[in-house]
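[1] Sequence below, structure please.
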Amino acid sequence: MKKVNIGIIGGGLMGKEAASSFARWFAISDLPVRVELTAVCDLNEDVLLWYSNVPTVKLLTTDYKELLADEEIDVVYVALPHHLHKQYY
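    Numbering: from 1, shown residues only. Now for the predicted structure:
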């Protein structure tokens with residue numbers, strides 16, 4: 001089974017926003033691939049500290065360019081805050 005590495009920019013989503021982002025992430029788990037969250041970029045250090053407890057996450061950064069430069073990441077999800085979801089969808 002192929003592994004797909006996921007990176008999230010704006011990983012500080014909590015509550016309803018977290019449910020929305022992870023629902024989309026798990027949607028590809030229906031495919032014959034193993035999905036792993038391996039990188040998170042967020043400006044909030046507390047958010048990065050929270051994600052440090054996720055065993056698959058190997059890169060925690062405040063610089064999105066560092067996440068995008070990681071050649072092991074297959075898919076990058078840019079988290080859109082919930083109030084912007086309402087404006088665009």
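[2] the helices in the protein, which residues?
    Under the criterion DSSP state H, the chain contains helices at 16-27, 45-51, 64-69, 82-88.
[3] where among the ones you listed is the average confidence lowest?
    Ranked by mean pLDDT, the helices of the chain bottom out at helix 82-88, which scores a mean of 50.
[4] Tell me, what's the model's pLDDT at the nearest residue to K2 once chain neighbours are set aside?
    Of all residues not flanking K2 in the chain, V33 sits nearest, at 4.8 Å (Cβ to Cβ, 6 or more residues apart in numbering). For glycine as for every other residue, the C-beta is placed from the backbone atoms N, C-alpha and C. V33 carries a pLDDT value of 77.
[5] how close does V33 get to A69?
    23 Å (Cβ to Cβ, to the nearest Å).
[6] what's the burial count for V76?
    For V76, the neighbour count with other Cβ atoms under 10 Å is 16.
[7] Isn't it up against L68?
    Yes. Using Cβ atoms under 8 Å, V76 is in contact with L68, at 6.6 Å.
[8] Spit out the residues that contact those two alike.
    Both V76 and L68 are contacted by G7, under the criterion Cβ atoms under 8 Å, 6 or more residues apart in numbering.
[9] Distance across stretch 58-75, terminal residue to terminal residue?
    15 Å (Cα to Cα, to the nearest Å).
[10] quick revisit: does the residue nearest to K2 touch K3 like I think?
    Yes. Using Cβ under 8 Å, V33 is in contact with K3, at 6.7 Å.
[11] Contacts for stretch 54-72, please.
    Residues from elsewhere that reach stretch 54-72 (Cβ under 8 Å, 6+ apart): 5, 7, 9, 36-43, 45, 48, 51-52, 73, 76.
[12] ChimeraX command to pick out the buried ones of those?
    To isolate the buried ones among these in ChimeraX, judged by 16 or more other Cβ atoms under 10 Å, type:
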select :5,7,9,36,37,38,39,40,41,42,48,51,73,76
